[in-house]
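In: Got a sequence here, can you model it:
(4 chains)
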There are 2 protein chains.
Amino acid sequence: MPRSPTFDRDAKIEQAMQLFWEKGYEATSVQDLVDHLGLNRSSLYNAFGGKHDLYLEALDRYRQEDIEWLRGQLQEAPTAVEGIRQAFVAVAERATESCCGCFTTNAAVECAPRDASTQERARESFEEMRSLFRAAAQRAQEEGAIDPARDPAALGRHLTNTYNGIHLTAKTDPPDEVVQDIVDETLRGLTCSGHGSTTA
Amino acid sequence: MPRSPTFDRDAKIEQAMQLFWEKGYEATSVQDLVDHLGLNRSSLYNAFGGKHDLYLEALDRYRQEDIEWLRGQLQEAPTAVEGIRQAFVAVAERATESCCGCFTTNAAVECAPRDASTQERARESFEEMRSLFRAAAQRAQEEGAIDPARDPAALGRHLTNTYNGIHLTAKTDPPDEVVQDIVDETLRGLTCSGHGSTTA
DNA sequence: CTGTATTTGGAACACTCGTTCCAAAAAAGA
DNA sequence: TCTTTTTTGGAACGAGTGTTCCAAATACAG
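Out: Got it, this is the predicted structure:
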């Protein structure tokens, strides 16, 4: 009896993701969504509940795709260190190509302070990234590229921080030299013997 | 003949800075500003021109204060490396205390993609930070803590990236262990001999 | 004081915001 | 084909947006 929907819900979420990613939450109006998704207001509210709900669905879609992308970058390289380098370089390129950085990062900055559900999602994504980078660091230790005495969990946090920092750097600076220097110096710090004292 | 203004323009900019810092550009309405500054709409438009102009003035005020703060953190420490550590730790504390991170970083994420004047200001601030961190790296080399063969400009970029990354990390994670690990691993990467290869 | 220039208060502007509602259109089961 | 259930189109909602305008209040120069 029920009439079947004429649009692909998943495809619409993907389009909403693109829009929120590009313009952010506040600057994206429902009218923008109606225009960009080619969907009537009623259908939009019917299918997604409202602007905020749709935003969360779009963010979740991005987080899912993004973490898989990072996993691929880290694992498809011949060595763990090379995978880390590749992830840094690729994310910088992607950030300047799309010109809107990382959706999760943007959400963490714009919405997390006022919206607990966004903050929790960002926190969870960052934690997943740390897990991936920790695994990569561990693998690099097994491959003899990183001093096995170093704490892989701490390295995972450190690398994730650098990774997210690159999103910011790419916002204002083309990835010519700046990002290259960041990547080089970060990797040099990874693969050194680490005899220096780190406490005062 | 002219009647003198009854309010302190500088103080109002400071208050506007606090509000924009906390809520961001889009989420701060003119009504919010009127309430928070205790200023009439007319006076506000008279003195500052409009919301966007006031935002830029507030951002400039922040940038100015912030860069001086960082300069102090880096220079007041007994050694350069200790200054870098102190800057990292202090900025993480400050970011979680105020709960709204760094105004410049927030502006770079929220406004820079759509507003050229904001982007230029963020880029300029990041460049100033790189200059400060480069000087600190150079001083650390003179003090024998960092391998003099490394490029201080590249280190400045690297450290600024980590510094900005901490702003992001502090958005979602209290600075308990996460930031501490980031600081430790970054400094370990600085003060090592750096014999590892950084190219594939 | 008086006159004048400037700031102030507050209404009003046109517009957009996110959301709701209802009748018309359309698809699926009988 | 007819009925039923859901989607669709689009107007309408009240509230809020940034901005403008004008009269009333105010402080300074004479």
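
In: show me the contacts for A:Asn106.
Out: A:21, A:24, A:100, B:109-110 (Cβ atoms under 8 Å, 6 or more residues apart in numbering or on different chains). Where C-beta positions appear, they are placed from N, C-alpha and C, glycine not excepted.

In: so how far is DNA strand C from it?
Out: As judged by Cβ to the nearest atom of the strand, to the nearest Å, A:Asn106 and DNA strand C stand 16 Å apart.

In: Backbone dihedrals for the residue in chain A that DNA strand C sits nearest to, please?
Out: Residue nearest to DNA strand C within chain A: A:Ser29 (2.9 Å; Cβ to the nearest atom of the strand). Dihedral pair for A:Ser29: phi -90, psi 160, per degrees, to the nearest 10.

In: okay, it: pLDDT?
Out: For A:Ser29, the pLDDT comes out at 96.

In: try the one 5 residues further on
Out: A:Val34 is assigned a predicted lDDT (pLDDT) of 94.

In: and the longest helix along chain A, which residues are buried?
Out: Counting residues, the longest helix found in chain A (DSSP state H) is helix A:116-142. For helix A:116-142, a neighbour-count test (16 or more other Cβ atoms under 10 Å in any protein chain shown) marks A:118-119, A:121-122, A:125-126, A:128-130, A:132-141 as buried.

In: Check those residues one by one and keep those near chain B.
Out: A:119, A:122, A:126 (Cβ under 8 Å from any Cβ of the partner chain).

In: circling back: now check the longest helix of chain A, is it near DNA strand C?
Out: No - in terms of Cβ under 7 Å from any atom of the strand, no part of helix A:116-142 sits within range of DNA strand C; the closest distance is 13.6 Å.

In: And stretch A:51-65, by the same measure?
Out: Yes - contact between stretch A:51-65 and DNA strand C, assessed by Cβ under 7 Å from any atom of the strand, occurs at A:51-52.

In: now that stretch, how far from the centre of its chain.
Out: 13 Å (Cα atoms, centre = their mean, to the nearest Å).

In: Using a markdown table, lay out the ones next to chain B among the buried residues of helix A:116-142 together with pLDDT.
Out: A markdown table is the format used below for those (pLDDT from 0 to 100):
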| residue | pLDDT |
| --- | --- |
| A:Gln119 | 95 |
| A:Ala122 | 97 |
| A:Phe126 | 98 |
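
In: Near DNA strand D, list only the ones from these.
Out: Residues of these in contact with DNA strand D (Cβ under 7 Å from any atom of the strand): none.

In: Go through the residues you listed and name the one nearest B:Asp8.
Out: A:Gln119 (35.8 Å; Cβ to Cβ).

In: From B:Cys99, how far off is the closest one?
Out: 11 Å (Cβ to Cβ, to the nearest Å).

In: Common neighbours of the two, please.
Out: A:Pro113.

In: A:Gly172 contacts B:Arg123, doesn't it?
Out: Not quite, residue A:172 is Thr, not Gly. Yes - applying Cβ atoms under 8 Å, one finds A:Thr172 in contact with B:Arg123, separated by 4.0 Å.

In: contacting residues around A:Tyr55?
Out: Taking Cβ under 8 Å, 6+ apart, we find A:Tyr55 in contact with A:16, A:20, A:25.
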